[in-house]
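[1] Sequence and predicted model, in that order:
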Amino acid sequence: QVQLVESGGGLVQPGGSLRLSCAASGSIFRIYTMAWYRQAPGKQRELVARITSDPIINYGESVKGRFTISRDNAKNTVDLAMSWLKPEDTAVYYCTSIIVTTEGVPPSTYWGQGTQVTVSS
């Protein structure tokens, strides 16, 4: 059993900063890609940032230059530092990871429960 638990969401003013954290726990043999997605009301879920185990990093176009993803392999965590936040960044942010629970077993994708980020004055 694997759990991903996000923290750090909340209300912030435009131009402000916020840091999200996600911790993976449970039966974990290896973690490959870790990523953050977001979903605003009435919109499809979209990629915010992704970091592989190499690490190779990708960002969604709308957050490039403002958000920074990082991971701590020893702690099985992935963080998202968000700065210069805009109202359009308002969404539920989800952590996801591709995880192997047991050696020899194919990896599976796990999702956290989501954390709300609201950017408003």
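    Cool, got the structure. Numbering: from 1, shown residues only.

[2] ok, T96 - contacts?
    Shown in contact with T96 (C-beta atoms under 8 Å, 6 or more residues apart in numbering): 4, 34-37, 109-112. In this view, the C-beta of every residue, glycine as well, is placed from N, C-alpha and C.

[3] and the helix or strand containing it, which residues are buried?
    Take DSSP states H and E as the rule and T96 turns out to sit in strand 91-100. Across strand 91-100, burial judged by 16 or more other C-beta atoms under 10 Å covers 91-100.

[4] what does stretch 47-66 give?
    Across stretch 47-66, burial judged by 16+ other C-beta under 10 Å covers 48-51, 59, 63.

[5] So for this structure, the centremost residue is which one?
    Nearest residue to the geometric centre of the chain (C-alpha atoms, centre = their mean): W36, 2.6 Å.

[6] In this structure it contacts I51, no?
    No. W36 lies out of contact with I51 (C-beta atoms under 8 Å); the separation is 9.2 Å.

[7] Just name the closest of the buried residues of strand 91-100 to Q116, please.
    Using C-beta to C-beta, V92 is the member of those that sits closest to Q116, with 5.5 Å.

[8] Tell me the spacing between the nearest residue to V48 once chain neighbours are set aside and L11.
    Distance criterion C-beta to C-beta, 6 or more residues apart in numbering; nearest residue to V48, sequence neighbours excluded, is W36 at 4.3 Å. Distance of W36 to L11, computed by C-beta to C-beta, to the nearest Å: 19 Å.
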